[in-house]
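Novice: Sequence and computational prediction follow.
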Amino acid sequence: MMGLVVYATSITNPAFAAILKPDTTFNSVGYVVHSSAAGFNGHDSGDSLQVQADGKYVVAGDSSCAIGNPDMAIWRYNPNGTLDTTFNSTGYITHNGAAGGNSYDGGLSLQIQADGKYVVTGYSVNAAGNHDMAIWRYNTNGTLDTTFNSTGYVTHNGAAGGNNHDGANSLQIQTDAKYVVSGLSVNTFGNYDMAIWRYLDMYQIASLNLSLDVSLNNENIEVGEDNGALGVQILTLSTTKGILVARVDTDMYSDHDWSSVSAESNISDFKSYVHNLTLASGTSNTFTLYVPYTEGHNSVGICPGAHNLNEVGSDCEGVYYLNVGESRVSIIEDKAIRYWEITGVTDTGGFGYYLEDLPETGQNILLGAILFIGIPLFVARKMLKEMAYVPSAYS
């Protein structure tokens, strides 16, 4: 029986770095072994190790399965040397048959992405009995990340033209999140050639409400299309008629399902709403809402729970008002249309609003009457402010 071995050592004297001893805070002896990850009491091997930001150890390699062939394997250990059972409930995961051969699979190099996902490269035997270069990607809970090539893995054969053996030995992730893999590929003469592969991770809007247009840097994003951008990006939502509705920060390190998002804007009624945007995958908790503006509107009303345009108005539940000059509100122009730009909102609708102030003398008389009957000053001022809003015909 052979098993995976992980060692931990400590330096006893910083002046003599060559003097090492087992770190007994790691599994009490300074090392840990594991066998039979794939279910067979055969060979287990760890070929690549990375340390997470939280101190956990992630190891990639292979483990013999019940029929004696190695499966690609990933183990995750806590800093104290125990298996991390929050990873696939066991602390390890195996995979076989990435290239379709149900034979040999192995992971030789592992990297951790910025979002914490694990990328492993190595080899997998195909149906013809040849090795293919293979890349797997796993979520942090131990499941295959099916947003990667729809399966969680990808294979390639014949890089050197020989349609024979291909395999990867090393993997690096570039700053633009592309994967660069080095290894070997058999040429037409039967010799090994050095090979480099580079893969572009294709994050997509996997599903989208077709009543919306979504764009990045003014270029529309189509459903299932590689958007060519990674990291946090600002996506713009508009109607199919090109009326601006919202902008939102979106994490483009994963695919997005926005089929439940709905939005609309009506220029003649000076209303807009967005629903379910904060529940869409990859988005921040707040977004910027755009409401068509017209001269004479002194304020914009916000309906926090509006599901459609009919629910946007001065009688909506929880309505509140914002004025130009407040920190969250400004007026902008986009494609010859002027909008209220309102930042820091959640699922909501907004509408243009006329503000008519009471005469100053009238306010003073009313304030005196309110104070006379014993209402606190700050409550009185709030009442006056609310009474000063008179709905327009557009509410």
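Specialist: Everything's here; your move.

Novice: The closest residue to N218 other than its chain neighbours pairs with what?
Specialist: Of all residues not flanking N218 in the chain, T236 sits nearest, at 7.7 Å (Cβ to Cβ, 6 or more residues apart in numbering). C-beta coordinates here come from the backbone N, C-alpha and C atoms, glycine included. Bridge pairing for T236 (DSSP bridges) gives the partners S215, R247.

Novice: How about stretch 130-137, which residues are buried there?
Specialist: Neighbour counts over stretch 130-137 (16 or more other Cβ atoms under 10 Å) mark N130, H131, D132, M133, A134, I135, W136, R137 as buried.

Novice: Quick check: closest non-adjacent residue to T146.
Specialist: T146's closest residue in space is G152 (Cβ to Cβ, 6+ apart), at 5.1 Å.

Novice: residues near the one you found, how many?
Specialist: Here the count is done by other Cβ atoms under 10 Å, and G152 has 18 residues near it.

Novice: Contacts only, for it.
Specialist: W136, R137, Y138, L144, D145, T146 (Cβ atoms under 8 Å, 6 or more residues apart in numbering).

Novice: at 6 Å what do you get?
Specialist: Contacts for G152 were tallied using Cβ atoms under 6 Å, 6 or more residues apart in numbering; they are R137, L144, D145, T146.

Novice: Distance check, it against G100.
Specialist: Note on G152: its distance to G100, by Cβ to Cβ, to the nearest Å, is 15 Å.

Novice: for S260, same thing?
Specialist: 36 Å.

Novice: Mind giving me the ChimeraX select for the contacts of G152, buried ones only?
Specialist: Selecting only the buried entries of these in ChimeraX, with 16+ other Cβ under 10 Å as the criterion:
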select :137,145
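
Novice: Now go through the contacts of G152 and say which are in strands.
Specialist: Those of these mapping onto strands are R137, per DSSP state E.

Novice: And the contacts of G152, which two are furthest apart?
Specialist: Spatial extent of the contacts of G152 (Cβ to Cβ) is set by the pair R137 and T146 at 9.1 Å.

Novice: Please spell out which residues along stretch 163-172 are buried.
Specialist: For stretch 163-172, by 16+ other Cβ under 10 Å, it's N164, H165, D166, G167, A168, N169, L171.

Novice: can you list the buried residues of stretch 130-137 in a markdown table and add secondary structure, pLDDT and distance to D115?
Specialist: Below are the buried residues of stretch 130-137 laid out as a markdown table (DSSP: H, G, I helix; E, B strand; the rest coil; pLDDT from 0 to 100; distance: Cβ to Cβ, whole Å):
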| residue | secondary structure | pLDDT | distance to D115 |
| --- | --- | --- | --- |
| N130 | coil | 92 | 33 |
| H131 | strand | 94 | 30 |
| D132 | strand | 95 | 26 |
| M133 | strand | 96 | 24 |
| A134 | strand | 96 | 21 |
| I135 | strand | 96 | 16 |
| W136 | strand | 96 | 16 |
| R137 | strand | 94 | 11 |
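
Novice: got these as a markdown table, with distance to G68 columns?
Specialist: As requested, the buried residues of stretch 130-137 are arranged in a markdown table below (distance: Cβ to Cβ, whole Å):
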| residue | distance to G68 |
| --- | --- |
| N130 | 19 |
| H131 | 17 |
| D132 | 20 |
| M133 | 23 |
| A134 | 20 |
| I135 | 25 |
| W136 | 21 |
| R137 | 27 |
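
Novice: that older thread, now do the same for the residue nearest to T146: its pLDDT.
Specialist: pLDDT for G152: 87.

Novice: coming back round to it: can you pick out the most distant pair from the buried residues of stretch 163-172?
Specialist: N164 and L171 (21.8 Å).

Novice: hang on, the earlier thing: between the contacts of G152, which is closest to K178?
Specialist: Of the contacts of G152, the one sitting nearest to K178 (Cβ to Cβ) turns out to be R137, at 13.2 Å.

Novice: Look up how far H43 lies from S36.
Specialist: Distance from S36 to H43, by Cβ to Cβ: 10 Å.

Novice: Is W75 bridged to anything, and to what?
Specialist: Under the criterion used (DSSP bridges), W75 bridges to V59, Y92.

Novice: tally of neighbours for it?
Specialist: With other Cβ under 10 Å as criterion, W75 counts 27.

Novice: Isn't it up against A60?
Specialist: No. The criterion here is Cβ atoms under 6 Å, and W75 misses it with A60 at 8.1 Å.

Novice: Could you give the average pLDDT over stretch 264-272?
Specialist: Averaging pLDDT residue by residue across stretch 264-272 gives 91.

Novice: now swap in stretch 214-225 and tell me
Specialist: Stretch 214-225 comes out at a mean pLDDT of 71.

Novice: K335: neighbouring residues, count only.
Specialist: Using other Cβ under 10 Å, K335 has 8 neighbouring residues.

Novice: mind checking the backbone torsions on it?
Specialist: Note on K335: backbone dihedrals following degrees, to the nearest 10 are phi 50, psi 50.
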